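> Following is a predicted model, sequence given first.
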Amino acid sequence: MDGYSPLGELNPLSESGDGIGGGFADACELYEYNRPDAGLVAWLAVDPTGRPELARYLDRLVPFAPATGSGSFYALWRCDDRSDLATLPVVLFGSEGELDVVASGVLELFPLLAPPAEEPPPAAGEAERGHRRPEYLAWPERTFGRPAPDTAEAVLARARAEYGPRFLAWMREFVPEEALSSLRDNLDR
């Protein structure tokens, strides 16, 4: 199989040329597909050793890309057994304990990765990204025949409403309640 993963929608994030890599958005680097752990065990503060039920639980989360340079990452949540993995919800695990359902699928994540419309000038030696925002936002329609979803706020609200309560209930099975406060706060917005 060519590319990063069985999710063709993710492969262009790290490709150059026809892809959107090369300065379109932060977090263009992708983890190796099905990379074991990728920070989940540390973030969740759980030890799966000798606990097959916990290992099966962790297998339902597929970390695929860093969200920041400080340890935050995105993961797909296998909330069911659907065959189209690109339609699985995307969850953010933050380096400061943030937890949120941020997109209802991979294509919905793309607007959240877009450079801000009003980005400060780049430091010496850094690539300027803000001027490429319109090109980046047009990329999903050009590549997949689907326009980028509305605004980042609409994407977040839709994902939280559709998957947030289910994800919170699912996480409560193995994750300490104090680790879920950020998700509860986001769902109350």
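On my side now, so go ahead.
> Would you map the strands across the chain?
For the chain, applying DSSP state E gives strands covering 61-66, 73-77, 90-93, 99-103.
> The third one packs against which elements?
When contacts are defined as 3 or more CB pairs under 8 Å, 6 or more residues apart in numbering; DSSP states H and E, strand 90-93 packs onto strand 73-77, strand 99-103, helix 106-113. In short, each C-beta sits where N, CA and C put it, glycine included.
> Could you pull up the residues touching Ala45?
Neighbouring residues of Ala45 by CB atoms under 8 Å, 6 or more residues apart in numbering: 175-176, 179.
> Among those, name the buried ones.
175, 179 (16 or more other CB atoms under 10 Å).
> And the contacts of Ala45, which is closest to Ser72?
Ala179 (14.4 Å; CB to CB).
> Distance to Pro48 added to the contacts of Ala45, as TSV?
Output for the contacts of Ala45, formatted as TSV (distance: CB to CB, whole Å):
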residue	distance to Pro48
Val175	12
Pro176	15
Ala179	16
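> Export the contacts of Ala45 as JSON lines, with columns for pLDDT and distance to Trp77.
Output for the contacts of Ala45, formatted as JSON lines (pLDDT from 0 to 100; distance: CB to CB, whole Å):
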{"residue": "Val175", "pLDDT": "84", "distance to Trp77": "13"}
{"residue": "Pro176", "pLDDT": "82", "distance to Trp77": "18"}
{"residue": "Ala179", "pLDDT": "85", "distance to Trp77": "15"}
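> just the contacts of Ala45 now: which is nearest Leu54?
Val175 (10.3 Å).
> The closest one reaches Val41, doesn't it?
No - in this structure, Val175 is not within contact of Val41 by CB atoms under 8 Å, at 11.4 Å.
> Need the overlap of contacts for these two.
Counting by CB under 8 Å, 6+ apart, nothing touches both Val175 and Val41.
> so who does Ala179 touch?
Contacts of Ala179 (CB under 8 Å, 6+ apart): 44-45, 97, 99, 171.
> Go through those and name the one nearest Leu187.
So of the contacts of Ala179, ranked by how close each gets to Leu187 (CB to CB), first place is Leu99, at 10.4 Å.
> How about the contacts made by Phe144?
9, 107.
> confidence score at it?
The score at Phe144 is 74. That number is its pLDDT.
> Next: the one 5 residues further on.
Looking at Pro149, its pLDDT stands at 64.
> what's the angle between the helix or strand of the chain with the lowest mean pLDDT and helix 106-113?
Least confident helix or strand of the chain, by mean pLDDT, DSSP states H and E, is helix 133-144 with a mean of 72. If you take axes from the mean of the first three to the mean of the last three CA atoms, to 10 degrees, helix 133-144 sits at 170 degrees to helix 106-113.
> Please save the CA atoms from helix 133-144 in CSV.
Only the C-alpha atoms of helix 133-144 are listed here, as CSV (Å, rounded to 0.1, in the frame of the first residue of the first chain):
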residue,chain,number,x,y,z
ARG,A,133,-5.4,30.1,3.4
PRO,A,134,-7.8,30.5,0.4
GLU,A,135,-5.9,27.8,-1.5
TYR,A,136,-5.8,25.5,1.5
LEU,A,137,-9.6,25.9,2.1
ALA,A,138,-10.3,25.2,-1.6
TRP,A,139,-8.1,22.0,-1.5
PRO,A,140,-10.8,19.5,-0.1
GLU,A,141,-13.2,20.4,-2.9
ARG,A,142,-10.5,20.2,-5.6
THR,A,143,-9.1,16.9,-4.2
PHE,A,144,-12.2,15.1,-2.9
